[in-house]
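*Asks:* Could you work out the structure for the sequence below:
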Amino acid sequence: MARSDYKQERWSLQDLFAGLEAPEVGTALQDLETLVAEIEAYRPRLTEAFLADEFLALLETYDRLMRLLSRLVGFAHLKFAENTQDQQAQTVLAQMQQRLAEIENRTMFIKLWWKQLDEAPAQRLLAASGDYHYFLDALRLQRPHTLSEPEERVINLKDVNGPAALITLYDTITNRYVYRMQVNGQEHELTRGELQVHIRGADAQARQAAYRAIHDMHAKDAIVLGQIYQYRVRDWRSEAIDLRHYSSPLAVRNLANDVPDDVVEALLAACREHTPLFQRYFRLKARWQGMDRLRRYDLYAPVSGTAAKRYAFAEAVDFVLDSFNHFDAGVASLAEKILASRHLDSEVRKGKRSGAFCASLEPGLIPWVLTSYNGTANDVSTLAHELGHAVHGLLAAGHPALTADASLPLAETASTFGERLLVDHLLRSDADPEVQRDLLFAQMDDAYATIGRQAYFALFEGTAHEAVRRGASVDDLSKLYQENLAEQFGDSLLVSEDFQYEWLSIPHIYHTPYYVYAYAFGQLLVLSLYEQYRREGDLFKPRYLKILAAGGSDSPVRILETAGVPIRSPEFWGQGFGVLQRTLEQLEAIPVKTTS
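*Replies:* This next block holds a predicted model:
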């Protein structure tokens, strides 16, 4: 299919199942039961003398089980994402989550036995584990925080109707929202994605109205959404601190990512230290807007003062694939597989999950990508970001299911690198000084959104988790968020009181506590890697592709150090900010033309 033939459409899930009630779903559930029974038969044979070849056979059977579970649960998640108001999809998702918990309980004995195994027999089996080595290694890191089998079973069952149910409830509530705002004198009902067009548009009043539409809607449900968050946080603490004895709520995520606490602390400290860089950028942008100070509503305003350029979907596809192809034809070919297989849902429609994501469900399956394409430059960048994720998944597909997925800190590498490739392609494609200027401004906007904003979300989470432990109300959390914004922006822009409700609209802090620092990690990592690419050209590519192909087959620290990336060094994180400093200096050298 020619690229220009690609149209916005709802994805096809036929490569998984024909429908929620398709006969093959029932067959897959029967196959699950067969695999679980095979695994349960190993239980009496698990001793210190367990043979290496039998252990490998057990791991291979367990890997097949995880692949099939991923297909079934992933299918339910994708059906729910395409229409969060579909009651059948909601029901099937809950059923699949329950089935997942039950199977995890029946097979949990493998992980518990492995974690408790003495070091000598563990090392003997590790030596023969092949590509499962890191999966096993990472499990033993959790040894100090693992409970008895009965306790672990109870936690699994609790999670289905506890955290998982809370997240589904949050998604169902927030994705049914219809936002109302005045556009050209008429009131319109818009989706969250359609509001983003106005948030990044040239009309200052429309920017304010779009933000207020979001904040007002969430403020009306603040008590409900805030309580969902409080219960999520309490459950996180009850399990992680009270039962598993982690040192902090953040340490749970760090161990899951296998990133040392000191590395994450260095990252967040560097982001905090370089906050004045972004504040300096906001002051520059205010001069371009003809303002003494930006309002928070104006943070993503274009500097041209005219309506932002719109891109047809086919044009966006061309831009993204051409930028990938300029880097490596194989990377572009992998990205195009998503479109050719109809695994991209780019339609804008009510009830669809907001935001964007890429789901790599199983090695060997082409990933699925969800985005709501409205034709803005940011939508083109989002397309590059999510297709970058898909390329990462396809490159890592040579590993078993247990070691294919990259840990969160590396999960944003290919996506963010894809955005950099797109921007450089656009800079090469149009020599117009105003276009070049706008792209540099867009780079800084995106860098703030990915580094500064996400780091401060993580800092807010730390404050909020502690405040909830002390009994903070929903209003208290909103005040803490306003204080977070005050530190983040200083006197570089004006933050109105309605932004105190913004935290209620951030799905990540509900879905995956402390996920957000992975964005800052990934962006700063990519800025450093991209500098190496610019210096080394083709010599850099094998090293970069090796990072992606590693998937989750080793710890992120070892994967990066093998590629010559010293992430323990504070200077390393400073390099990324050095790239941003040079971009800002380029912009400061351009004579200011106000948009007022």
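*Asks:* For residue 48, the count of nearby residues, please.
*Replies:* Neighbours of residue 48 under the rule other CB atoms under 10 Å: 11. The C-beta positions use only the backbone N, C-alpha and C, and glycine is treated the same way.
*Asks:* what's stretch 228-246 in contact with?
*Replies:* Contact with stretch 228-246 is made by 144-147, 151, 155, 162-163, 166-167, 169-170, 248-249, 251-252, 255, 464-465, 468-469, 474, 477, 504, 509-510, 513, as judged by CB atoms under 8 Å, 6 or more residues apart in numbering.
*Asks:* Alpha carbons only: can I get the strand or helix carrying residue 207 in CSV?
*Replies:* In this structure, residue 207 sits in helix 204-220 according to DSSP states H and E. Extracted as CSV, the C-alpha positions of helix 204-220 are listed here (Å, rounded to 0.1, in the frame of the first residue of the first chain):
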residue,chain,number,x,y,z
ALA,A,204,-5.1,33.2,23.7
GLN,A,205,-8.7,33.2,24.7
ALA,A,206,-9.3,29.8,23.2
ARG,A,207,-6.2,28.4,25.0
GLN,A,208,-7.6,29.6,28.3
ALA,A,209,-11.1,28.3,27.5
ALA,A,210,-9.7,24.9,26.6
TYR,A,211,-7.7,24.5,29.8
ARG,A,212,-10.6,25.7,31.9
ALA,A,213,-12.9,23.2,30.2
ILE,A,214,-10.6,20.4,31.3
HIS,A,215,-10.0,21.8,34.8
ASP,A,216,-13.7,22.6,35.4
MET,A,217,-14.8,19.1,34.4
HIS,A,218,-12.3,17.4,36.7
ALA,A,219,-13.0,19.9,39.5
LYS,A,220,-16.7,18.9,39.5
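*Asks:* Average pLDDT for it, rounded please.
*Replies:* Here helix 204-220 scores 94 as its mean pLDDT.
*Asks:* right, and the helix or strand after it?
*Replies:* That would be, after helix 204-220 and using DSSP H and E, helix 222-237.
*Asks:* can you tell me how far residue 386 sits from residue 158?
*Replies:* Residue 386 sits 33 Å away from residue 158, going by CB to CB, to the nearest Å.
*Asks:* and the residue lying closest to residue 344 once chain neighbours are set aside, what element?
*Replies:* Spatial nearest neighbour of residue 344, chain neighbours left out: residue 369 (4.8 Å); criterion: CB to CB, 6 or more residues apart in numbering. Assessed by DSSP H and E, residue 369 sits inside strand 368-370.
*Asks:* Contacts for that strand next, please.
*Replies:* Under CB under 8 Å, 6+ apart, the answer for strand 368-370 is 11, 13, 78, 81-82, 338, 343-345, 352-353, 356-359, 361, 386-387, 389-390.
*Asks:* Buried residues of it, list them for me.
*Replies:* 368, 369, 370 (16 or more other CB atoms under 10 Å).
*Asks:* Turn the residues you listed into TSV, including pLDDT and distance to residue 434.
*Replies:* Shown next, in TSV, are these (pLDDT from 0 to 100; distance: CB to CB, whole Å):
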residue	pLDDT	distance to residue 434
368	98	37
369	98	32
370	97	33
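*Asks:* closest to residue 292 among the residues you listed?
*Replies:* Nearest to residue 292 among the buried residues of strand 368-370: residue 370, at 40.5 Å, using CB to CB.
*Asks:* now that closest one: how far from residue 140?
*Replies:* Relative to residue 140, and taking CB to CB, residue 370 is found at 35 Å.
*Asks:* quick one: stretch 278-287 to chain centroid distance?
*Replies:* 27 Å (CA atoms, centre = their mean, to the nearest Å).
*Asks:* Same question for stretch 395-405.
*Replies:* On CA atoms, centre = their mean, the centre of stretch 395-405 falls 18 Å from that of its chain.
*Asks:* one step back: show me which of residue 386 and residue 158 is the more surrounded one.
*Replies:* residue 386 (26 against 15).
*Asks:* Surely that one and residue 414 touch.
*Replies:* No: Residue 386 lies out of contact with residue 414 (CB atoms under 8 Å); the separation is 10.3 Å.
*Asks:* who touches both of the two?
*Replies:* Going by CB under 8 Å, 6+ apart, no residue sits against residue 386 while also sitting against residue 414.
*Asks:* For the stretch of helix or strand residue 475 belongs to, C-alpha coordinates in PDB please.
*Replies:* Assigned by DSSP H and E, residue 475 belongs to helix 474-489. Presented in PDB, the C-alpha positions along helix 474-489 are these (Å, rounded to 0.1, in the frame of the first residue of the first chain):
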ATOM      1  CA  VAL A 474      -8.400  16.000  48.400                       C
ATOM      2  CA  ASP A 475      -8.300  19.800  48.800                       C
ATOM      3  CA  ASP A 476      -4.900  19.400  50.700                       C
ATOM      4  CA  LEU A 477      -3.500  17.500  47.700                       C
ATOM      5  CA  SER A 478      -4.700  20.200  45.300                       C
ATOM      6  CA  LYS A 479      -2.900  22.800  47.400                       C
ATOM      7  CA  LEU A 480       0.200  20.700  47.400                       C
ATOM      8  CA  TYR A 481       0.000  20.500  43.600                       C
ATOM      9  CA  GLN A 482      -0.300  24.300  43.400                       C
ATOM     10  CA  GLU A 483       2.800  24.600  45.500                       C
ATOM     11  CA  ASN A 484       4.600  22.200  43.200                       C
ATOM     12  CA  LEU A 485       3.700  24.400  40.200                       C
ATOM     13  CA  ALA A 486       4.900  27.500  42.100                       C
ATOM     14  CA  GLU A 487       8.400  25.900  42.600                       C
ATOM     15  CA  GLN A 488       8.400  24.600  39.000                       C
ATOM     16  CA  PHE A 489       7.700  28.000  37.400                       C
END
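*Asks:* dump the residue contacts of the closest residue to residue 577 other than its chain neighbours.
*Replies:* With sequence-adjacent residues excluded and distances taken as CB to CB, 6+ apart, residue 577 is closest to residue 274, at 4.6 Å. Taking CB under 8 Å, 6+ apart, we find residue 274 in contact with 574, 577, 580.
*Asks:* Could you do residue 514 as well?
*Replies:* Taking CB under 8 Å, 6+ apart, one finds 249, 250, 252, 253, 458, 461 in contact with residue 514.
*Asks:* what's the burial count for the fourth one?
*Replies:* Pointing back at residue 253 there. So residue 253, with other CB under 10 Å, has 24 neighbours.
*Asks:* can you check the last one too?
*Replies:* The local packing of residue 461 (other CB under 10 Å) involves 25 other residues.
*Asks:* sorry, back to before: specify which member of the contacts of residue 514 is nearest to residue 289.
*Replies:* Looking across the contacts of residue 514 and measuring by CB to CB, the closest to residue 289 is residue 458, at 29.1 Å.
*Asks:* Can you pull the phi/psi pair for that closest one?
*Replies:* When read as degrees, to the nearest 10, the backbone of residue 458 gives phi -60, psi -40.
*Asks:* burial measure for the residue lying closest to residue 547 once chain neighbours are set aside, as a count.
*Replies:* Nearest residue to residue 547 in three dimensions, chain neighbours excluded: residue 563, at 5.3 Å (CB to CB, 6+ apart). By the criterion of other CB under 10 Å, residue 563 has 16 neighbours.
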